[in-house]
Every structure is written in C-alpha cells, then in structure tokens.
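> Sharing a sequence plus its predicted fold:
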Amino acid sequence: MLEAKELRKQYPNKLALRGLNLQIEPGEVFCLLGQNGAGKSTTINLFLGFVQPTAGAAYINGVEVASNPLKIKQYLAYIPENVMLYAHLTGVENLALFSSLAGFRYSEKELLEYLANAGLPAEAVRRRVGTYSKGMRQKVGIAIAVAKHAKVLLLDEPTSGLDPKASNEFSELLRRLSQQGTAVLMATHDLFRAKEVGTRVGIMREGELVDVRPTATLNANELEQLYLTYMQ
C-alpha cells in the first residue's frame, strides 16, 4: 500500500534521506523511530507530496506520489502533531466539510456515528473545535480518515503532548483501523506506543533506515536497548 524505492531528499545544506527502501502492507502499522532530524518527517512529507524527492520515488496504492499529487489524496489521510481543523466550526461541521471535500456526503446521523466510533464525547460534537483538547481534535481527525475511506493513514508524532489516557485511546483507534485493512505509517518518539500498536518498527539515523524489526520479536526493554544502540 505504501512503497519507497531508493527515495532520496537533498536540501541545500543537508541530505535528509539517503535512498530509502520500504514497503508497508494493508493492515500494517509501521512506526518510524529516530532522533529529531533523522528523516522521519521528511519521509512522511514525501509520501504526502508536500516535498519533491531528489531521486527515487514514493508510491501509494501503486500510484507514484510526485507525478500524481491529486490522485494519491483519495487514498490517504494525514494526522500531524497538531491536527488542523477549523476552530470556529463544530466537530460535526468539520467532519461534514472535510468528508465533502473528499467527495462524500453524509447525513447528520452518519456523521455523528463516525464521531462516536472515533471516541469523541457526545457532548462535544456540537461545540466549536477551538474548545477541544488535542486528543479530541485527533479523534475528529480519525473520524475524517474513516469517513474518507482512507486506505493509508500518515501520522507525524500523533501522541506528543497527550496524557496517558488519551494516548491509550489513540492507540486503540489505530488498532481498529489496522484491523479494517488501513496501512499506517507513524513517525514517533514514543517507544512504548510503537511497541504497543506497531506491527513493525524502523529505526532511522541521519537519513537512513538502519534497522527494521517486527514488534512481536521484541519486548519493551529490548526495543529501548536497540534504539539506544543506534543513537550512540
């Protein structure tokens, strides 16, 4: 569902990504780990089409991102560290707007069901998003992804700043999406969540993917030690 072939990104003063090769299957949650500047966000941005590769190519559902920037958007949803919603609109109004932009029209009952399934409290659906916590905004983001029937979910530090309860709820939502066949690529510093929700983890260092492991083969301490080995 996601594929990188010798993907490379050179900025004027930095080589941000060095020939990345990666495949992520439907239903897989792949967690990218690494320090700031390791290339995690660059990888996400290349799959989103926000930046152009210097060499190589990124593909979503077999479609090359750089040459088909509009087509790939029908397959994916993106949740950054801070979900960008319209603060003056309510949760249900944001969901209606973003799903309509993707070509979907839903009744109010259907919209409310999407928000409820994403875990947004019923009392919040008609409040302005400007009053929401970060965790609540992320739940709207998940509802948008589901309403768009996104085959791919791209996440950049989604649990940063969340309290443990909100982080746990977010992990549970990702599990449900993966069980429905959504391919998830998540850049994160959160080793615990990567072990908990990921099917595979990849460690990035200085623009290179230096190690990839199935999470089932590692306990939390082993993952931490592996990570620290590459950070030295």
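Yep, that arrived. Numbering: from 1, shown residues only.
> so what's the residue most central in space within the chain bridging to?
Nearest residue to the geometric centre of the chain (C-alpha atoms, centre = their mean): residue 155, 1.8 Å. Beta-bridge partners recorded for residue 155 (DSSP bridges): residue 79, residue 186.
> pretty sure it is touching residue 186, no?
Yes. Counting by C-beta atoms under 8 Å, residue 155 does reach residue 186; the two are 4.1 Å apart. From N, CA and C alone the C-beta is placed, and that goes for glycine too.
> Buried residues, the helix or strand bottoming out on mean pLDDT in the chain. List them.
Ranked by mean pLDDT, DSSP states H and E, the weakest helix or strand in the chain is helix 164-179, scoring a mean of 87. Buried residues in helix 164-179, defined by neighbour count with 16 or more other C-beta atoms under 10 Å: 166-167, 169-171, 173-174, 177-178.
> Please apply the same query to stretch 53-73.
53, 56-61, 64-65, 72-73.
> Just the C-alphas of it, formatted as PDB.
The C-alpha coordinates for stretch 53-73 follow below in PDB (Å, rounded to 0.1, in the frame of the first residue of the first chain):
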ATOM      1  CA  PRO A  53      12.200  13.800  -4.000                       C
ATOM      2  CA  THR A  54      15.700  14.400  -5.300                       C
ATOM      3  CA  ALA A  55      15.800  10.900  -6.600                       C
ATOM      4  CA  GLY A  56      13.800   7.700  -6.300                       C
ATOM      5  CA  ALA A  57      10.000   7.500  -5.900                       C
ATOM      6  CA  ALA A  58       7.200   7.100  -3.300                       C
ATOM      7  CA  TYR A  59       4.100   5.100  -4.200                       C
ATOM      8  CA  ILE A  60       0.700   4.900  -2.600                       C
ATOM      9  CA  ASN A  61      -1.500   2.000  -3.800                       C
ATOM     10  CA  GLY A  62       0.800   1.700  -6.700                       C
ATOM     11  CA  VAL A  63       0.500   5.300  -7.800                       C
ATOM     12  CA  GLU A  64       3.600   7.500  -7.800                       C
ATOM     13  CA  VAL A  65       3.100  10.400  -5.500                       C
ATOM     14  CA  ALA A  66       5.300  13.100  -7.200                       C
ATOM     15  CA  SER A  67       3.600  12.700 -10.600                       C
ATOM     16  CA  ASN A  68       0.000  12.200  -9.300                       C
ATOM     17  CA  PRO A  69      -0.400  14.500  -6.300                       C
ATOM     18  CA  LEU A  70      -4.100  14.900  -6.600                       C
ATOM     19  CA  LYS A  71      -4.900  11.200  -7.200                       C
ATOM     20  CA  ILE A  72      -3.000   9.900  -4.200                       C
ATOM     21  CA  LYS A  73      -5.000  12.200  -1.900                       C
END
